[in-house]
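Q: 3D, please:
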Amino acid sequence: MMNKIFCAMTIVGIPLSIAGSVLHWPQVMMFGIYCLTIIALASFMGRATESLAIVSGPRIGGLLNATFGNAVELIISIFALRAGLTEVVLASLTGSVLGNLLLVGGLSLFVGGIKYKRQQFSVYDARHNSGLLIFAIVVAFVIPEVFAMTMTEAETVTLSIGISIILIVLYLAALLFKLVTHRGVYTSEEVEEHEKPEWSKQKAILVLALATIAVAYVSENLVHTFETVASSFGWSELFIGIIIVAIVGNAAEHASAIMMAYKNKMDIAIEIAVGSTLQIAMFVAPLLVLLSSIFYQHMPLVFSWPELIAMITAVFLTNSIMEDGDTNWFEGGMLLAAYFIMAIGFYLL
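A: Just a heads-up that it's a prediction; the model follows:
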């Protein structure tokens, strides 16, 4: 049923997006059309990556889902960077971290916990990801903010570029560790033989490519509506980035992780939620810092203190809940409650 709805949204949304951008329809209306179209396209990306994940195992499947899901976020952020909206980009990165850990993770645990009283996943992967989360968010994101207090703008940019390179190298090393040198050492990756992918490998890759191209076009137009929408509804750029852009940009992971949890495939659900967060913090954010050097306005890896405190809180809360490899619906509810508390705070900020 949902697939039919998303298909209809895509068939209607893409022509409306093109017509609205050409005919210059009201931007507030177009903001809604663009967001719904991106969410619909993200559903196709989620279905395609799920088909690929069935034959690849939870780790690679979760990585594929996170990568193509974050492609939407990356595309939106690149266009926002080009438009000089660095605060929106930093806010959307913060929103991705909070959204993946608290909203996606919380909904996955909650929905799965409603169906199953107790769900389990690899405790070794959970502990490995916990260490990376603390390094990426607590160490790599806090250091630039602390040192920026006594640095010039140029020195802060230089520091941000250096940290970004280190983060990307460590992220690639983490992939090498998990997928090559230590694959299967701490946990066995089992694929259910009776489960068949919805689409063939070739069709899934084609759908991913076409959906990504469509998202790129719609995202470029979406960025141009931010200022009008902010002034019309009284929203700050911080709220748009942290809540709106993050939810729209990560729609693919939202749907896929919840679906996997409902099917009691918690390894891949956790890999999508936490793996996507790690990819945002250790690859997407550093990459955007490096890419900003070719645009008019450089983007240092410096977040505001409310953003940093919110991300650090999300990391420690998630780690404390998931470190035992055992979850239930109440723990999912706690993550969701934390997300809504932070959303209210950023709305009022």
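Q: Can you list the low-confidence ranges for this structure?
A: The model of the chain has pLDDT under 70 over residues 1-2, 57-58, 184-195, 249-253.
Q: Tell me where it has strands.
A: All strands of the chain, identified by DSSP state E, fall at 119-120, 326-327.
Q: helices or strands up against the last one?
A: By that I understand strand 326-327. helix 105-115, strand 119-120 (3 or more Cβ pairs under 8 Å, 6 or more residues apart in numbering; DSSP states H and E). The C-beta positions use only the backbone N, C-alpha and C, and glycine is treated the same way.
Q: Switch the ones you listed over to JSON lines; also include mean neighbour count and distance to residue 225.
A: Formatted as JSON lines, those follow (neighbours: other Cβ atoms under 10 Å; distance: least, Cβ to Cβ, whole Å):
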{"stretch": "helix 105-115", "mean neighbour count": "22", "distance to residue 225": "27"}
{"stretch": "strand 119-120", "mean neighbour count": "18", "distance to residue 225": "40"}
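Q: for these, which one sits closest to residue 317?
A: Set against residue 317 and scored by Cβ to Cβ, these come closest in helix 105-115, at 9.7 Å.
Q: picking that back up, now render the helices and strands packed on strand 326-327 as JSON lines, adding distance to residue 284.
A: Shown next, in JSON lines, are those (distance: least, Cβ to Cβ, whole Å):
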{"stretch": "helix 105-115", "distance to residue 284": "18"}
{"stretch": "strand 119-120", "distance to residue 284": "28"}
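Q: out of the ones you listed, which comes closest to residue 345?
A: helix 105-115 (16.7 Å).
Q: So what touches the closest one?
A: 119, 254, 257-258, 260-262, 264, 266, 269-270, 273-274, 318, 321-322, 327-336, 338-339 (Cβ atoms under 8 Å, 6 or more residues apart in numbering).
Q: go with 7 Å
A: 119, 257-258, 261-262, 264, 266, 269, 273, 318, 327-329, 331-333, 335-336, 339 (Cβ atoms under 7 Å, 6 or more residues apart in numbering).
Q: Now which of those would you call buried?
A: 119, 257-258, 261, 266, 269, 273, 318, 327-329, 331-332, 335-336, 339 (16 or more other Cβ atoms under 10 Å).
Q: now, which of the residues you listed sits nearest residue 89?
A: Looking across the buried ones among the contacts of helix 105-115 and measuring by Cβ to Cβ, the closest to residue 89 is residue 339, at 20.6 Å.
Q: quick revisit: out of the strands of the chain, flag the one nearest residue 88.
A: strand 326-327 (33.2 Å).
Q: and that closest one, which strands flank it?
A: strand 119-120 (antiparallel) (DSSP bridges).
Q: Relative to residue 142, which of the helices and strands packed on strand 326-327 is closest?
A: With Cβ to Cβ as the criterion, residue 142 lies closest to helix 105-115 of the helices and strands packed on strand 326-327, at 21.8 Å.
Q: As a check, name the ranges of all helices in the stretch 1-150 of the chain.
A: 2-23, 27-54, 58-82, 86-98, 105-115, 123-133, 142-148 (DSSP state H, counting those that start in this stretch).
Q: Which one of those lies nearest to residue 224?
A: Closest among the helices of the stretch 1-150 of the chain, using Cβ to Cβ: helix 27-54, at 7.4 Å.
Q: what's the burial count for residue 59?
A: 22 (other Cβ atoms under 10 Å).
Q: so it touches residue 179, yeah?
A: Yes. Between residue 59 and residue 179 a contact is recorded at 6.4 Å, counting by Cβ atoms under 7 Å.
Q: Ranking the helices of the stretch 1-150 of the chain by mean neighbour count, which comes first?
A: helix 86-98 (a mean of 27; mean count of other Cβ atoms under 10 Å).
Q: Contacts for that helix, please.
A: 73, 76-77, 80-81, 137, 226, 237-238, 240-243, 245-246, 249-250, 277, 280-281, 285, 288, 297, 299, 303, 307, 310-311, 314, 339, 342.
Q: Need the buried ones from these selected in ChimeraX.
A: In ChimeraX, selecting the buried portion of those, with burial taken from 16+ other Cβ under 10 Å, looks like this:
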select :73,76,77,80,81,137,226,237,238,240,241,242,243,245,246,249,250,277,280,281,285,288,299,303,307,310,311,314,339,342
